[in-house]
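1. show me how the following folds:
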Amino acid sequence: MQASNPTAKKALGQHFLKDRQAIRRIAEAIPKGANIIEIGPGPGAITEALLARAGKLTVIEMDDRFAAHWREAGEKNPQLSVIHGDVMLELEAALAAVRPEWIAGNLPYNLSGPLTAKLAGLDLSGGMVLMYQREVAERIAAGPGSKVYGGLSVLVRHFYNVKRLLVLPPGAFAPPPKVHSAVILLTPHGRTPACSYAGLQQTVRKGFAHRRKTITNNFRGLLSAEQFQDMDIDPGTRPEQLDYDAWARIAGAYVHAADSEGR
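-> Predicted coordinates for the structure are as follows:
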């Protein structure tokens, strides 16, 4: 059912996975019978493996060629449905219509940051299996104290535990990218978040705006050193040293301060 002889479009950041072992491991990370959304199926290497396991599979595809191919395939397979469009525009409606347990995808390189920020705010019952450039995956999986720990590292931990599933060399793809790739597994941690996701997004955007500054300097005029001490946070700490729980505490205080400032 895969599309035959696909040509990757550089403008869409397309690199098609061909490594059979990697495809199997990605699919097997998702339980059989799950309701899944796949982002950017392309010619369908991962899609075929997901279809073999899914109760229902919905694919979101921007490329006209592949959208037409999967729509035709869906006419013969009631298990498969297709949304043709930009995932950044279509995701919200797709979630409401499909109510997936899992999301999977080889994410377009040019969308990985903003798309992950959207996905991290979804409280799915199952989780996500997502492929990135390795450097992006390392930022997402990084813990406090790492040089690459940043906003995405914090955001994904709002609802999920993070695990790096596998690393892939350029030769696992056609055409081969210039960098290695990695697959991240996100599974729900089940804890009730201490702040809203929107509030956390605002906070990490502000807090990581100047990584070399202390957390107090980044929030100067809104939160005082004393307030950070009351939150059990050293005012001289740098943003990359704070774990998710600390950022959640900051978010509660920052959103309140920002709202008061706006009134």
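2. which phi and psi does Asn161 have?
-> The main-chain torsion angles of Asn161 are listed as degrees, to the nearest 10 and equal phi -90, psi 150.
3. burial measure for it, as a count.
-> 14 (other Cβ atoms under 10 Å). Using the backbone N, CA and C atoms, a C-beta is placed for each residue, glycine as well.
4. and it, what does it touch?
-> With contacts defined as Cβ atoms under 8 Å, 6 or more residues apart in numbering, Asn161 is in contact with 186-189.
5. which of those ranks first by neighbour count?
-> Leu186 (26 neighbours).
6. show me the domain layout of this structure.
-> The record assigns the chain these domain ranges, following automatic domain parsing: 10-188, 197-262.
7. deepest in the core, which of the ones you listed is it.
-> The densest packing among the domains of the chain, expressed as mean neighbour count by mean count of other Cβ atoms under 10 Å, is seen in domain 10-188 with a mean of 19.
8. now that domain: average pLDDT?
-> Model confidence over domain 10-188 averages 93 on the pLDDT scale.
9. could you say which helix or strand contains the residue in the chain sticking out farthest from the centre?
-> For the chain, the largest distance from the centre (Cα atoms, centre = their mean) belongs to Glu226, which lies 34.7 Å off. Under the criterion of DSSP states H and E, Glu226 resides in helix 225-230.
10. mind saving the C-alpha coords of that helix as PDB?
-> As requested, C-alpha coordinates have been extracted for helix 225-230 and formatted as PDB (Å, rounded to 0.1, in the frame of the first residue of the first chain):
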ATOM      1  CA  ALA A 225      14.500  37.500  44.800                       C
ATOM      2  CA  GLU A 226      12.400  37.100  47.900                       C
ATOM      3  CA  GLN A 227       9.600  35.500  46.000                       C
ATOM      4  CA  PHE A 228      12.000  33.000  44.500                       C
ATOM      5  CA  GLN A 229      13.300  32.100  47.900                       C
ATOM      6  CA  ASP A 230       9.700  31.600  49.100                       C
END
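11. by contact count, what packs against whichever strand or helix holds Asp245?
-> In this structure, Asp245 sits in helix 244-262 according to DSSP H and E. For helix 244-262, the packing partners by 3 or more Cβ pairs under 8 Å, 6 or more residues apart in numbering; DSSP states H and E come out as helix 197-207.
12. and the helix holding Glu226, what does it pack against?
-> Counting contacts by 3+ Cβ pairs under 8 Å, 6+ apart, helix 225-230 is packed against helix 215-218.
13. point to the residue nearest the middle of this structure.
-> For the chain, counting by Cα atoms, centre = their mean, the most central residue is Thr116, which lies 3.1 Å from the centre.
14. and it, what element?
-> Using DSSP H and E, Thr116 maps to helix 112-119.
15. what's the angle from that helix to helix 197-207?
-> Relative orientation of helix 112-119 with respect to helix 197-207: 150 degrees, computed using axes from the mean of the first three to the mean of the last three Cα atoms, to 10 degrees.
16. from the chain's centroid, how far away is helix 112-119?
-> Helix 112-119 sits 5 Å away from the centroid of its parent chain (Cα atoms, centre = their mean, to the nearest Å).
17. quick one: name whatever helix or strand follows it.
-> Later in the chain than helix 112-119, the nearest helix or strand by DSSP H and E is strand 127-133.
18. show me what the helix or strand just after that following strand is packed up against.
-> If you walk from strand 127-133 toward the C-terminus, the next helix or strand you reach (DSSP H and E) is helix 134-141. Taking 3+ Cβ pairs under 8 Å, 6+ apart as contact, the helices and strands that helix 134-141 lies on are helix 112-119, helix 151-155, strand 160-168, strand 181-188.
19. can I get the ones you listed in JSON lines with distance to Lys76?
-> Written out in JSON lines, the entries for the helices and strands packed on helix 134-141 read as follows (distance: least, Cβ to Cβ, whole Å):
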{"stretch": "helix 112-119", "distance to Lys76": "30"}
{"stretch": "helix 151-155", "distance to Lys76": "39"}
{"stretch": "strand 160-168", "distance to Lys76": "31"}
{"stretch": "strand 181-188", "distance to Lys76": "29"}
